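Asks: Give the three-dimensional model of this entry:
(one chain, ligands or ions: 2)
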Amino acid sequence: QFHKPYQIQDAYPRPEVVDGHDIVIRVAAASFCHTDIMVLEGQFSSLPKQHAGSHEPTGTIVSLGADAAALGFKLGDRIAALGWRGLCGECVDCKGPVDKRYYCRFMKGYVGTTLPGAFSDFTVVDARYAVVLPDTMSFVTAAPLTCAGATVWRAVQSTKAQPGEWIGIVGSGGGLGHLAIQFAVKAGVNVVAVDAREEGLELSRECGAQLVLDARKGDEQLTVAITEAIGDDKIKATIVLSDHETACDTACTITRPHGTVIQVAQPQRVSFHFRAIIFKDLRFEGSLVSGQKELEDMIHFVLEHKIRVKTNIYENLDAVNLVVDAARSGKVSGKLVVVLD
Ligand SMILES: [Zn+2]
Ligand SMILES: [Zn+2]
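Replies: Ligands and ions are numbered 1, 2, ... in the order given. Prediction:
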């Protein structure tokens with residue numbers, strides 16, 4: 001039911017393998033995301049009455065289809081998965097580059113939004129979007145990587161920044177931002193982090209951003225501060241993670257001429273001054289999430305560079321409404337993860 005707390009169902013049937021790429025997992029840990037609030041508020045209106053949230057699943061394989069087995073998955077594997085399920089296999093996107101096939105408009109659906117999610121003892125994921133976890137990575141660390149991590153991993157790659165170059169991140173101190181900063185910094189890229197909340201500024205510093213600036217000072221002040229600290233025209237690309245109405249303008253202001261602004265946040269509308277793209281010749285790109293190969297690369301990068309994934313852990317499914325309350329309060333920093341197994 002929409003606009004109501006989650007209800008725990010005891011007799012929810014264990015799902016079965018229907019398609020060849022289906023993998024049924026016993027869920028170990030699943031995290032909560034802003035999108036789950038949109039689901040609860042009825043923004044995905046065609047959902048069935050019984051529906052489990054969370055599109056950030058991790059767990060152990062308990063059954064799998066033939067195509068999943070052919071890809072190398074086996075019973076008992078510990079996996080994490082992106083939410084895409086049941087690509088049509090026929091459309092332009094499905095026949096296009098592997099890392100963008102999830103743009104398929106004819107897929108079966110998305111785990112936790114249009115298909116049953118991971119706040120459940122068992123859930124189904126698609127082998128084409130699953131990754132076997134290294135033994136040294138916990139389910140709790142992996143769950144937020146399947147959405148927050150996968151989202152900013154792609155965005156940071158899209159900046160094409162080389163070691164020693166500078167990028168900007170607007171909205172740097174949240175669940176997405178704290179990972180984006182670390183992904184960049186650990187790859188040798190310098191980061192100008194911009195946030196408008198004390199906790200966000202603090203977290204940006206902790207994550208190693210070279211320059212941390214308070215957006216509340218206004219774009220003019222930001223420009224002066226950046227010039228003083230690192231010089232003019234240094235920021236080749238800026239990632240927008242804040243859905244504040246001026247976030248994109250700020251990104252356009254701090255990015256050097258001929259640079260790129262990468263929009264990740266999803267406000268109703270994005271606006272910026274025409275001068276930004278015309279007189280500064282900026283490129284404007286949207287970025288969604290990673291594909292399967294990138295998810296795998298990111299998981300190894302996280303282990304190798306000891307990336308800190310900030311989490312708030314809730315034991316067992318009974319706590320799921322506390323998670324919703326915590327998310328709505330806006331006071332928690334880091335991803336909310338429910339441990340089920
Ligand atoms: Zn998400
Ligand atoms: Zn397709």
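
Asks: C-alpha from now on. contacts and neighbour counts both.
Replies: Fine.

Asks: in the protein, what secondary structure element scores lowest on mean pLDDT?
Replies: Every helix and strand in the chain was compared by mean pLDDT, DSSP states H and E; the lowest is helix 34-40, with a mean of 83.

Asks: Parallel or antiparallel, which strands does the next helix or strand after that helix pair with?
Replies: Using DSSP states H and E, the helix or strand that follows helix 34-40 in sequence is strand 56-64. Sheet pairing for strand 56-64, assigned by DSSP bridges, gives strand 22-32 (antiparallel), strand 78-81 (antiparallel).

Asks: ok, residues contacting the helix or strand following strand 56-64?
Replies: Downstream of strand 56-64, the next assigned helix or strand under DSSP H and E is helix 66-70. For helix 66-70, the surrounding residues in contact (C-alpha atoms under 8 Å, 6 or more residues apart in numbering) are 20-23, 126-128.

Asks: Out of those, grab the one that's most surrounded.
Replies: Ile23 (32 neighbours; other C-alpha atoms under 10 Å).

Asks: before we move on, the earlier item: tell me which of the strands paired with strand 56-64 lies nearest to ligand 1.
Replies: Ligand 1 sits nearest to strand 22-32 of all the strands paired with strand 56-64, at 7.0 Å, using C-alpha to the ion.

Asks: Give me the contacts around that closest one.
Replies: By C-alpha under 8 Å, 6+ apart, strand 22-32 touches 15-17, 54-65, 68, 118-127, 139-140, 143-144, 323-324, 335-341.

Asks: and stretch 79-91, how far apart are its ends?
Replies: From its first residue to its last, stretch 79-91 covers 28 Å (C-alpha to C-alpha, to the nearest Å).

Asks: chain center to it: distance?
Replies: 16 Å (C-alpha atoms, centre = their mean, to the nearest Å).

Asks: Then stretch 194-206?
Replies: How far stretch 194-206 lies from its chain's middle: 19 Å, per C-alpha atoms, centre = their mean.

Asks: So the residue located most distally from the centre of the chain: helix, strand or coil?
Replies: Of all residues in the chain, Glu228 has its C-alpha farthest from the mean position, at 32.8 Å, by C-alpha atoms, centre = their mean. Secondary structure assignment for Glu228 (DSSP: H, G, I helix; E, B strand; the rest coil): helix.

Asks: now swap in Val261 and tell me
Replies: strand.

Asks: I figured it hits Thr250, correct?
Replies: No - counting by C-alpha atoms under 8 Å, Val261 stays clear of Thr250, with 10.2 Å between them.

Asks: more crowded one of those two?
Replies: Val261 (30 against 22).

Asks: Residues in contact with the least confident helix or strand of the chain: which ones?
Replies: 1-4, 44, 53-54, 112-113, 324, 327.

Asks: so who does His244 touch?
Replies: Counted by C-alpha under 8 Å, 6+ apart, His244 has contacts Pro267.

Asks: Name the nearest residue to Leu288, sequence neighbours excluded.
Replies: Thr151 (6.0 Å; C-alpha to C-alpha, 6 or more residues apart in numbering).

Asks: looking at this, the one you found is in a helix?
Replies: Yes - using three-state DSSP, the assignment for Thr151 is a helix.

Asks: Next one, pLDDT for it please.
Replies: For Thr151, the model assigns a pLDDT of 95.

Asks: who in the chain is up against ligand 1?
Replies: For the chain, the residues in contact with ligand 1 (C-alpha under 5 Å from the ion) are 33, 147.

Asks: So the residue nearest the centre of the chain: helix, strand or coil?
Replies: Centroid-nearest residue in the chain: Ala148, 2.2 Å away (criterion: C-alpha atoms, centre = their mean). Classification of Ala148 using three-state DSSP returns helix.

Asks: so what's it up against?
Replies: 175-176, 179.

Asks: Where do the helices of this structure begin and end?
Replies: 34-40, 66-70, 139-144, 150-158, 177-186, 198-206, 219-230, 247-254, 274-278, 292-304, 320-329 (DSSP state H).

Asks: Go through the ones you listed and find the least confident stretch.
Replies: The bottom spot among the helices of the chain, by mean pLDDT, belongs to helix 34-40, with a mean of 83.
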